[in-house]
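# I'd like to go over a predicted model; first the sequence, then the structure.
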Amino acid sequence: MDVKETLKRLTNVLGGSGDEFRASAVFAELIRPFADEVETDAYANVTAVKRCGKENARLVMIDAHIDQMAMMAKEVTDDGFVKFIAQGFDPRQLYGADVTLITRAGKELPGIVATFPKELQYEEITDTVPVDELSIDLGLPAEKVKAEVTVGDFIYYANETIELADGTLCGRAFDDRAAVTSVLIAAEKLSAETLGFDVLYSASAREEVGGPGAAIVANRYKPDFAVVLDLAQAKCDAYSEPDAFELGGGAVIGRGDHSSPRLAERLAEVARAKEIPFNFQAIPAQSKTNAGHIQLAATGIETAVLSFPERYSHSPVEIVSIADTEKTAQLLAEFVLSLGPHDFRGDPDAEISGYKGGGLR
């Protein structure tokens with residue numbers, strides 16, 4: 001797999017929460033060679049199962065969300081400008097931004113978030129313009145805008161992924177398409193291996209609006225346990241707190257309410273044995289990942305959180321390291337290969353089969 005090209009392809013396809021089908025179709029195509037069963041449901045969740053061939057085999061779920069941040073049209077004014085909602089966006093980044101509006105008919109309309117001309121400003125404007133005062137100019141006559149745009153049409157940043165220096169990429173949808181790419185890399189690595197578990201790869205929908213997609217998948221398949229892949233904040237000039245990690249520093253293993261202690265420790269054991277760089281992250285009671293939804297599905301599913309560092313989340317200029325995507329995938333694949341038939345079964349305090357350091361050939 002060409003990881004860089006896969007990252008570009010996945011991040012350049014538009015697919016916000018509730019509008020994921022284009023992105024889901026790409027993931028389904030890419031995962032198909034590495035799975036025995038692939039399905040896309042009515043919510044745009046994609047599930048792919050790799051069978052180990054053993055009778056009554058247990059099931060591990062590997063989840064990353066396929067949706068990205070998106071805006072939505074809420075009104076077309078008499079003059080043909082589009083008012084919109086943008087929950088979770090920084091309004092400072094929206095003023096003057098290039099955008100793409102997708103009509104109900106599937107037509108892509110380029111536009112910009114309108115600005116006030118500098119030469120008409122009688123005094124300096126320094127305050128952030130609230131989203132409800134912004135509008136989108138599609139450069140079309142008002143009657144044509146009213147004919148083509150309807151309330152609920154999705155709106156995205158228009159920029160596509162670019163390559164920076166030293167193996168880094170910048171774009172609008174690495175949350176969580178970089179993790180989706182890690183799932184694909186791991187699936188490719190595991191496709192020719194002898195497994196002790198069936199593996200469910202899940203590209204789940206609507207995480208950015210509350211995570212119902214992952215809950216639907218987990219309730220349907222009832223896995224024995226799960227690993228959720230998402231982002232962790234990477235250090236940058238504006239943010240270098242202890243809960244931020246070095247870009248290129250490898251995988252981030254969660255510890256806390258939504259990350260099972262023994263799953264987290266197994267991930268760490270595997271990383272140490274395989275010399276895969278990693279860090280631990282303290283996960284608060286609300287981890288803002290799919291882990292909480294999966295953890296509470298069915299009768300309760302033991303879940304771990306595995307992340308990758310990303311700069312500038314929920315912006316048009318999210319930055320990730322290709323190496324982090326690959327190292328996270330390697331850890332994920334080695335973790336699956338470490339599983340024995342009695343691991344993580346029953347009493348959480350009971351002894352489980354020890355990890356012997358085997359792994360990918």
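Received it, and whenever you're ready, just let me know what you need.
# the strands in the stretch 51-200 of the chain, which residues?
Assigned by DSSP state E, counting those that start in this stretch, the strands in the stretch 51-200 of the chain fall at 59-65, 71-76, 82-85, 98-102, 108-113, 136-137, 154-157, 162-163, 168-171, 198-204.
# to Pro91, which of these lies closest?
Smallest distance to Pro91 across the strands of the stretch 51-200 of the chain (C-beta to C-beta): 9.5 Å, for strand 108-113. Every residue, glycine included, has its C-beta placed from N, CA and C.
# my reading is that Arg262 lies in a strand. Confirm?
No - per DSSP: H, G, I helix; E, B strand; the rest coil, Arg262 lies outside any strand segment and is helix.
# before we move on, back to that, out of the strands of the stretch 51-200 of the chain, the one nearest His342 is which?
strand 59-65 (13.7 Å).
# follow-up on the earlier one: among the strands of the stretch 51-200 of the chain, which comes closest to Gly250?
The closest of the strands of the stretch 51-200 of the chain to Gly250 is strand 168-171. By C-beta to C-beta, the value is 14.5 Å.
# list the contacts of the nearest residue to Pro223 once chain neighbours are set aside.
Counting by C-beta to C-beta, 6 or more residues apart in numbering, Pro223 lies nearest to Met61, which is 3.8 Å off, once chain neighbours are set aside. By C-beta atoms under 8 Å, 6 or more residues apart in numbering, Met61 lies in contact with 200, 202, 217-218, 221, 223, 225-227, 294, 301.
# these two touch, right, Pro309 and Gly249?
Yes - counting by C-beta atoms under 8 Å, Pro309 touches Gly249, with 6.1 Å between them.
# of the two, give the one with the bigger neighbour count.
Under the criterion of other C-beta atoms under 10 Å, the comparison of Pro309 against Gly249 puts Pro309 first, with 26 against 19.
# per-residue confidence at that one?
On pLDDT, Pro309 comes in at 96.
# A strand includes it, no?
Yes - counting by three-state DSSP, Pro309 is found in a strand.
# so what does the closest residue to it other than its chain neighbours have for phi and psi?
Counting by C-beta to C-beta, 6+ apart, Ala234 is the residue found nearest to Pro309 once chain neighbours are left out, at 3.6 Å. For Ala234, the backbone dihedrals are phi -100, psi 150 (criterion: degrees, to the nearest 10).
# name the element the closest residue to Gly359 other than its chain neighbours belongs to?
In this structure, Gly359 finds its nearest non-sequential neighbour in Glu334, 4.6 Å apart by C-beta to C-beta, 6+ apart. Per DSSP states H and E: Glu334 is located in helix 322-337.
# on that earlier part again, and the residue nearest to Pro309, how far from Phe89?
19 Å (C-beta to C-beta, to the nearest Å).
# between the two, which has more neighbouring residues?
Ranked by neighbour count (other C-beta under 10 Å), Ala234 and Phe89 place Ala234 first, with 25 against 19.
# ok, now how distant is the more buried one from Thr103?
Distance from Ala234 to Thr103, counting by C-beta to C-beta: 35 Å.
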